[in-house]
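In: model the following, please.
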Amino acid sequence: MSNKDTHLSKTLSWLLRHGATKECLNISSDGYISVREILQHRSLRGRYNKEDIERVVATNSKQRFKLRFNNSTNILEIKANQGHSIQISDDDLIQILEPHYETVVHGTYYKYWSKIKIEGLSRMKRKHIHFAKGTLNDRNVISGLRQDVEIYIFIDLTKALADGILFFESENGVILTKGNNIGFLEPKYFWKVIDRRTGASLL
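Out: Take a look at the predicted model:
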């Protein structure tokens with residue numbers, strides 16, 4: 001990806017996930033913003049066009065974005081598939097009702113592990129905690145893990161679902177949960193935690 005496309009992708013991620021309200025952009029309840037409007041943002045105006053956005057959406061390896069043509073307004077719109085801190089509806093997410101995934105894994109770093117192993121995973125300021133359906137070695141994993149994670153936390157999805165924790169899948173295959181009523185997925189749902197490099201158990 002060129003530097004120009006990287007800048008566009010990062011700007012889109014921030015605006016669509018976190019900054020739309022602060023930047024006074026008109027965002028729909030399900031997270032879409034007019035492409036025409038977003039191109040007028042000060043970070044993008046005069047530097048990018050519709051074709052640039054279409055290219056970045058089509059070539060993004062993690063499928064972070066989605067375009068749609070709104071038939072009622074005749075306007076092309078864009079949204080982020082997940083990762084929001086601003087409040088949008090979950091209508092585009094598919095609820096997971098059965099534990100039919102062999103692997104549900106969260107990637108993290110040693111600097112956070114001492115707190116996570118006591119408190120669990122927190123959604124913090126985001127709407128959801130993110131998981132992948134495999135590790136970085138799995139070719140089918142599109143999104144859900146950063147490339148430099150140091151620790152894999154594997155989730156007992158069967159146990160979590162049985163306890164009433166809600167899980168969803170985004171359109172680009174990321175597993176999402178809000179956790180419990182205070183936004184945590186507790187350590188009792190960790191069935192395995194390993195060092196990504198060595199495979200050594202951390203539990």
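In: any idea how far the longest helix along the chain is from the middle of the chain?
Out: Identified as the longest helix of the chain according to DSSP state H is helix 3-14. Helix 3-14 has its average C-alpha position 16 Å from the chain's average C-alpha position, going by C-alpha atoms, centre = their mean, to the nearest Å.
In: before we move on, what about stretch 180-198?
Out: Put simply, stretch 180-198 sits 17 Å off its chain's centre (C-alpha atoms, centre = their mean).
In: how about residues contacting it?
Out: If you take C-beta atoms under 8 Å, 6 or more residues apart in numbering as the criterion, stretch 180-198 is touched by 107, 116-124, 129, 135-136, 149-156, 159-160, 163, 165, 177, 179, 200-203. C-beta coordinates here come from the backbone N, C-alpha and C atoms, glycine included.
In: same thing but 6 Å
Out: Under the contact criterion C-beta atoms under 6 Å, 6 or more residues apart in numbering, stretch 180-198 has outside partners 117, 120-123, 129, 149-150, 152-156, 159-160, 179, 201-203.
In: got it, and stretch 74-94?
Out: Contacts of stretch 74-94 (C-beta under 6 Å, 6+ apart): 16-18, 20-21, 29-32, 34-35, 64-70, 125-127, 168-172, 174.
In: that one: end-to-end distance?
Out: Across stretch 74-94, the terminal residues are separated by 27 Å (C-alpha to C-alpha, to the nearest Å).
In: list the buried residues for that stretch?
Out: Buried residues in stretch 74-94, defined by neighbour count with 16 or more other C-beta atoms under 10 Å: 76-84, 86, 88, 90, 92-93.
In: out of those, which one has the lowest pLDDT?
Out: When those are sorted by pLDDT, the bottom entry is residue 90 at 76.
In: Three-state assignment for it, please.
Out: Three-state call for residue 90 (DSSP: H, G, I helix; E, B strand; the rest coil): coil.
In: how about residue 57, nearest residue that isn't a chain neighbour?
Out: Counting by C-beta to C-beta, 6 or more residues apart in numbering, residue 65 is the residue found nearest to residue 57 once chain neighbours are left out, at 4.6 Å.
In: do the same with residue 144
Out: residue 132 (3.1 Å).
In: list the contacts for the one you found?
Out: Contacts for residue 132 (C-beta under 6 Å, 6+ apart) come out as 105, 141, 144, 145.
In: the chain: strands as residue ranges?
Out: Ranges of strands within the chain are 33-34, 65-70, 75-80, 94-96, 105-108, 121-122, 129-131, 151-155, 167-169, 175-177, 184-185, 190-195, based on DSSP state E.
In: so of those strands, which one's packed in deepest?
Out: Among the strands of the chain, strand 175-177 has the highest mean neighbour count (mean count of other C-beta atoms under 10 Å), at a mean of 24.
In: perfect, that will be all.
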